[in-house]
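> sequence plus the predicted model coming up.
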Amino acid sequence: MAAPMIAPSILSADFARLGEEAEAVAGSDWLHVDVMDAHFVPNLTLGLPVVQSLLKATDIPLDCHLMIEDPARWAPPYAEAGAYNVTFHAEATDDPIAVAKDIRAAGARAGLSVKPGTPIEPYLEILREFDTLLVMSVEPGFGGQSFMPEVLSKARAVRKLVDAGELTLVVEIDGGINTDTIEQAAEAGIDCFVAGSAVYGTADPAAAVRALRAKAAGASKHLSL
Ligand SMILES: O=C(CO)[C@@H](O)[C@H](O)COP(=O)(O)O
Ligand SMILES: [Fe+2]
C-alpha cells in the first residue's frame, strides 16, 4: 500500500473563510468537499459555484462527495469545473456505470460511495469503472458523528481485490475518523481518510492532519505493499 492519504473535510470549516481554511491544511492529499442537497440527505451545504471558487483558492485536489439526488444530471459539471475526484452515492442512481463514465469523460476520477447499511457485494463487479470507493462510516448528512466500525468489513473485502490486482482504486473512508479510530480503519486497508471535526475542530488543523497521518502510517505499515 502507498502512504496513507488524509482528506480534511471542509464541512467542519468556517464557510465564510473557505480559502484560508484550505490554506490551513496545505500539504493534505485531497480536500474533501461535502455537497448536500437537502433531499438525498437532510442537510444543505454548498454547490458548484462554491466549488468553482475553491478551485481558484487552493492547489489541493478537490475530493467532491456528492450527497445528492440525480447524480447523472449534477455530477459531471463538478468534473468539468476541475474537481479531481467526483464521488456520488450508489443509492442515488440506477445506472452508476453511466454516471462514472460521464465523470471520467469530463476529466475527473469517478468515485462510488455507499451508506453504512448498503452492502458492497452487488457493486463489486462494477468497481472497475471507478477510481475511488468511499465507504461511509456514519450516516451521511452531518459531521461530528461516531465512527461505525462494522462498515470495515466492506473495506476489507475491496482491499483484498485491490491487493490481488483485480481492482485498481483508492479505498476511502468518511465519518468519525479521529486519532482514536483511524488505526482500526488503516488496519482494514483504507488508503484515504476523510476527517472533518478532528481537523477543523482543533486549534491547529495542520498539526491534526500530521497526527492523523502518523497514526495511519503506523497502523498500516505491516500491510502488504
Ligand atoms: O460526508 C460527511 C458527512 O455526511 C463527512 O465528510 C463529514 O464531514 C465527516 O465529518 P467528521 O465525521 O469527520 O466530523
Ligand atoms: Fe463526506
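Cool, got the structure. Ligands and ions are numbered 1, 2, ... in the order given.

> all strands of this protein, in order?
For the chain, strands defined by DSSP state E occupy the ranges 5-8, 31-36, 62-67, 85-89, 109-114, 132-136, 170-174, 192-195.

> most neighbours per residue, which of those?
Among the strands of the chain, strand 85-89 has the highest mean neighbour count (mean count of other C-beta atoms under 10 Å), at a mean of 29. (C-beta placed from N, C-alpha, C; glycine too.)

> and the angle from that strand to strand 170-174?
Put simply, strand 85-89 runs at 60 degrees to strand 170-174, going by axes from the mean of the first three to the mean of the last three C-alpha atoms, to 10 degrees.

> would you confirm that residue 40 contacts residue 92?
Yes. Using C-beta atoms under 8 Å, residue 40 is in contact with residue 92, at 5.6 Å.

> re the thing from before, would a markdown table of the strands of the chain with distance to ligand 2 and mean pLDDT be doable?
A markdown table is the format used below for the strands of the chain (distance: least, C-beta to the ion, whole Å; pLDDT from 0 to 100):
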| stretch | distance to ligand 2 | mean pLDDT |
| --- | --- | --- |
| strand 5-8 | 9 | 98 |
| strand 31-36 | 4 | 98 |
| strand 62-67 | 4 | 99 |
| strand 85-89 | 8 | 99 |
| strand 109-114 | 8 | 99 |
| strand 132-136 | 7 | 99 |
| strand 170-174 | 4 | 98 |
| strand 192-195 | 6 | 98 |
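
> for the longest helix belonging to the chain, packing partners?
Determined from DSSP state H, the single longest helix within the chain is helix 205-220. With contacts taken as 3 or more C-beta pairs under 8 Å, 6 or more residues apart in numbering; DSSP states H and E, helix 205-220 sits against strand 5-8, helix 182-187, strand 192-195, helix 197-200.

> now these as TSV including distance to ligand 1?
Below are the helices and strands packed on helix 205-220 laid out as TSV (distance: least, C-beta to the nearest ligand atom, whole Å):
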stretch	distance to ligand 1
strand 5-8	8
helix 182-187	11
strand 192-195	5
helix 197-200	3
